[in-house]
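Enquirer: can you look at this prediction? I've put the sequence above it.
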Amino acid sequence: MNLDSAIDILLLAFMAVIAIAIVRIRDLFGIAMLFSIFSLLSAGVFTVMDAADVAFTEAAVGAGISTILMLATLTRTARKEKPNQSKNPALPMLVVFITGAVLVFGTSDLPRFGDPNAPIHQHVAPRYIEESRSEIGIPNMVTSVLASYRGYDTLGETTVIFTAGIAVMALLGLRRSRRREDDEEETD
Amino acid sequence: MLHHTVLRVIAKLLVPVILLFAFYVQFHGDFSPGGGFQAGVIFATGIILYALVFGLDDTMRAVPPGVLKILSPTGVLIYAGVGMETMLLGGNYLDYDFLAHEPTHGQHLGIFLVELGVGVTVASTMLLLYYAFAGREQGQ
Amino acid sequence: MRFLQLYNYEIAIFLAMVGLYIVVSRGNLVKKIAGLSMFQTSVFILYISMGVVQGGTVPILIEGTQRYSNPLPHVLILTAIVVGVATTAVALSLVIRINESYGTVEEDEIHQQDESF
């Protein structure tokens, strides 16, 4: 077991511990902070698994924007979760256990972790890797796949971000920085 | 006021560096990990840091929401516009080979413009999200 | 031994199940959104684990190596991360509006107020 696998196993074990802590803790600000740490650890896992672009995005988006928005929500809503008085945890546990068992059974046929002959590496990916230098000519293959080979998906994604911006502005609206507050600014 | 002084000084030193780093990530996305999304988010984070330290009103004067409302769809328009341009030049939608005299140059130009559009939209939308969340008064 | 070869997938499934448990069993809306986001992150880990190539490197063309990690899952997960934060932002803004309408973010109190009409 080399250093890469050791770091990988350690980081994932930390993430499992933090996940259980998020279930148990009732203070919502603590949950926001733990969630930020969770995203940062997952960015570390992505780096160890050779996914540099993904780690970059997850660190910036998960540990940055997502935490800020959750903290902004918490200052305008509750600060503590109400304790569970009469809920029986048996039924959710059963559902989760059955789903987890089915998923583990389903993934037991997957090829060994890191196998270069896995089917995922056989069809389109070799073409991207081999032809990217001659067809597009930029070193970063993730950018060339994202912007050129799969450019249509990225157009859809940009539209989704823009739509989310419109949705949040329709729900929350912006604050007028002038002193007089118009009545038609607030929608119900 | 003493503990705010450190925050203010450090924020004033850091915010230009963060914005410059966002531009670096945007334009260097061809050679190292990076690209439009990461650059847009880092740019928004720099401005959000300024807003956290100096207050939302000052930030709304520096980067007005009206400008952001115009910039946010402009990025999507740039992206879709590149596609229309390639169609007008004779190729398929978003076929960058037709943008220049040589296919690889066309690809470089197409990827540059497309990532620029993505970066503009992501930065302005993330900042608008923050303005919407942080500008919400308590019990409004 | 087979279990150790698939360790990444097992942990990803465990994290997904913890997220699912939070969504199903807890009543606080903000906590549910955190659980949903945790589920998303664990699915990303599952996908990126499938794209790892032993002995490969970051998918950036450099001289001297021919073995790269598969760039296709990276691209798909990049899109998924940003779409995930967009939906989380809309969900949190809905929670703020619900809190202003009902005065609470606990699910059973909201149901009580709805039924008492």
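Expert: Great, that's in hand. Numbering: from 1, shown residues only, chains lettered A, B, ... in the order given.
Enquirer: isn't B:L56 up against B:A134?
Expert: Yes: using CB atoms under 8 Å, B:L56 makes contact with B:A134 at a distance of 5.3 Å. Every residue, glycine included, has its C-beta placed from N, CA and C.
Enquirer: these two: who's more crowded?
Expert: Looking at B:L56 and B:A134 with other CB atoms under 10 Å in any protein chain shown, you find the greater number of neighbours at B:A134, namely 21 against 15.
Enquirer: so what pLDDT did the more buried one get?
Expert: The confidence metric pLDDT takes the value 90 at B:A134.
Enquirer: let me know the secondary structure of the spatially closest residue to C:Q54 that is not a sequence neighbour.
Expert: Excluding its sequence neighbours, the residue lying closest to C:Q54 (CB to CB, 6 or more residues apart in numbering or on different chains) is A:G114, at 3.5 Å. The three-state label for A:G114, taken from DSSP: H, G, I helix; E, B strand; the rest coil, comes out as coil.
Enquirer: which ones are touching A:G114?
Expert: C:52-55 (CB atoms under 8 Å, 6 or more residues apart in numbering or on different chains).
Enquirer: grab the nearest non-local neighbour of the most centrally placed residue in chain C.
Expert: What sits nearest the mean C-alpha location of chain C, by CA atoms, centre = their mean, is C:Q40, with 1.5 Å. Beyond its immediate neighbours in the sequence, the residue positioned closest to C:Q40 (CB to CB, 6+ apart) is C:G84, lying 4.8 Å away.
Enquirer: check which helix or strand the one you found maps to.
Expert: Secondary structure from DSSP states H and E places C:G84 in helix C:71-102.
Enquirer: which residues are contacting the helix or strand following that helix?
Expert: Beyond helix C:71-102 in the direction of the C-terminus, DSSP H and E gives the next helix or strand as helix C:107-115. The set of residues external to helix C:107-115 that reach it, using CB under 8 Å, 6+ apart, is A:82, C:27-29, C:98, C:102, C:104.
Enquirer: with distance to chain B, pLDDT and neighbour count as added columns, please give those residues in a markdown table.
Expert: Rendered in a markdown table, the data for these read as follows (distance: CB to the nearest CB, whole Å; pLDDT from 0 to 100; neighbours: other CB atoms under 10 Å in any protein chain shown):
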| residue | distance to chain B | pLDDT | neighbour count |
| --- | --- | --- | --- |
| A:K82 | 20 | 77 | 16 |
| C:G27 | 22 | 85 | 17 |
| C:N28 | 19 | 88 | 24 |
| C:L29 | 16 | 90 | 23 |
| C:I98 | 13 | 91 | 15 |
| C:Y102 | 13 | 88 | 15 |
| C:T104 | 13 | 85 | 18 |
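Enquirer: which two among those residues are spaced furthest apart?
Expert: A:K82 and C:I98 (15.1 Å; CB to CB).
Enquirer: and the residue of chain B found nearest chain A, how far is that from C:E10?
Expert: When distances are taken as CB to the nearest CB, chain B approaches chain A most closely through B:G135, which lies 3.2 Å from it. When distance is defined by CB to CB, to the nearest Å, B:G135 is 44 Å away from C:E10.
Enquirer: please apply the same query to B:A132.
Expert: Counting by CB to CB, the gap between B:A132 and C:E10 amounts to 40 Å.
Enquirer: who has more neighbours out of the two?
Expert: Using other CB under 10 Å as the criterion, B:A132 and C:E10 rank with B:A132 on top: 24 against 17.
Enquirer: where does the more buried one sit: helix, strand or coil?
Expert: helix.
Enquirer: pull the contacting residues for the residue nearest to it when sequence neighbours are not counted.
Expert: Once its chain neighbours are removed from consideration, B:A132 has its nearest residue in A:L172; the separation is 4.2 Å (CB to CB, 6+ apart). Taking CB under 8 Å, 6+ apart, we find A:L172 in contact with B:132-133, B:135-136, C:93, C:96-97.
Enquirer: at 6 Å instead, please
Expert: Neighbouring residues of A:L172 by CB atoms under 6 Å, 6 or more residues apart in numbering or on different chains: B:132, B:136, C:93.
Enquirer: roughly how far apart are it and C:S93?
Expert: Using CB to CB, A:L172 is found at 5 Å from C:S93.
Enquirer: same question, A:D50
Expert: Applying CB to CB, the value for A:D50 to C:S93 is 36 Å.
Enquirer: packing partners for the lowest-mean-pLDDT helix or strand in chain A?
Expert: Ranked by mean pLDDT, DSSP states H and E, the helix or strand of chain A with the weakest confidence is helix A:125-135, at a mean of 85. Contact analysis of helix A:125-135 by 3 or more CB pairs under 6 Å, 6 or more residues apart in numbering or on different chains; DSSP states H and E lists no helix or strand as a packing neighbour.
Enquirer: export it as CSV, just CAs?
Expert: What follows is helix A:125-135, C-alpha atoms only, in CSV (Å, rounded to 0.1, in the frame of the first residue of the first chain):
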residue,chain,number,x,y,z
ALA,A,125,-11.8,8.5,-23.4
PRO,A,126,-8.8,7.1,-25.4
ARG,A,127,-9.9,9.2,-28.4
TYR,A,128,-10.0,12.3,-26.3
ILE,A,129,-6.6,11.6,-24.8
GLU,A,130,-4.9,10.8,-28.0
GLU,A,131,-6.5,13.3,-30.4
SER,A,132,-6.6,16.2,-28.1
ARG,A,133,-3.0,17.2,-28.9
SER,A,134,-3.5,17.2,-32.6
GLU,A,135,-7.1,18.4,-32.9
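Enquirer: ok, then the element right after it?
Expert: helix A:141-144.
Enquirer: which residues touch that following helix?
Expert: Identification of contacts with helix A:141-144 by CB under 6 Å, 6+ apart yields A:53, A:132, A:136, A:138, B:29-30, B:35, C:59, C:71, C:74-75.
Enquirer: give me that answer again for 7 Å
Expert: Contacting residues not belonging to helix A:141-144 are listed as A:53, A:128-129, A:132, A:136, A:138, B:29-30, B:35, B:111, C:59-61, C:68, C:71, C:74-75 [CB atoms under 7 Å, 6 or more residues apart in numbering or on different chains].
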